[in-house]
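[1] After the sequence you'll find the predicted model.
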Amino acid sequence: MRAGKIDIIDHISPMQAQSMQTNPEILQITHPDSNAASIEPRNDRAPFNDIRVRKAMQMAIDLPELSKSYYNGTIEPYPATLTSRYMEGWGFHYEDWPQGFER
């Protein structure tokens, strides 16, 4: 990218994107990804087989702050399913999750 031998690159880390800003000829267009890397414990083993533990873990993570500070706003600041929110019909948008799934 820096040498001008490729035209486009995607799915790079925030740190890699930031390092590209040293070249003013590189045009950066960002769009939020559907989710960040996630913690996916085995839900068939204690303590993660208790939904209250999983909810407590989710509620303990400040997703808006994580999105803003670590990912530089390149991820959406709310939980996601395994598929992108842009893949209509494959999952529910967070705003449409049933009541009881606190933010």
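    Arrived safely. Numbers count the residues shown, from 1 in each chain.
[2] Leaving out the residues flanking it, which one is nearest to residue 12?
    residue 20 (7.9 Å; Cβ to Cβ, 6 or more residues apart in numbering). (C-beta placed from N, C-alpha, C; glycine too.)
[3] same deal with residue 39?
    Leaving aside its sequence neighbours, residue 39 sits nearest to residue 57 (Cβ to Cβ, 6+ apart; 7.3 Å).
[4] right, and the helix or strand after the longest helix along the chain?
    Secondary structure of the chain per DSSP state H: the longest helix is helix 51-60. Moving toward the C-terminus from helix 51-60, the next helix or strand (DSSP states H and E) is helix 63-69.
[5] Pull the distance from that following helix to the chain's centre.
    Put simply, helix 63-69 sits 10 Å off its chain's centre (Cα atoms, centre = their mean, to the nearest Å).
[6] before we move on, back to that, which strands or helices does the longest helix of the chain pack on?
    With contacts taken as 3 or more Cβ pairs under 8 Å, 6 or more residues apart in numbering; DSSP states H and E, helix 51-60 sits against no other helix or strand.
[7] quick one: average pLDDT of that helix?
    Mean pLDDT, computed over helix 51-60, is 88.
[8] Export it to PDB, keeping only CA atoms.
    Written as PDB, here are the backbone C-alpha positions of helix 51-60 (Å, rounded to 0.1, in the frame of the first residue of the first chain):
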ATOM      1  CA  ILE A  51     -26.700 -17.000  31.900                       C
ATOM      2  CA  ARG A  52     -26.400 -14.600  34.800                       C
ATOM      3  CA  VAL A  53     -22.600 -14.900  34.600                       C
ATOM      4  CA  ARG A  54     -22.600 -14.300  30.900                       C
ATOM      5  CA  LYS A  55     -24.900 -11.300  31.200                       C
ATOM      6  CA  ALA A  56     -22.700  -9.900  34.000                       C
ATOM      7  CA  MET A  57     -19.600 -10.300  31.800                       C
ATOM      8  CA  GLN A  58     -21.400  -8.500  29.000                       C
ATOM      9  CA  MET A  59     -22.600  -5.700  31.200                       C
ATOM     10  CA  ALA A  60     -19.100  -5.200  32.700                       C
END
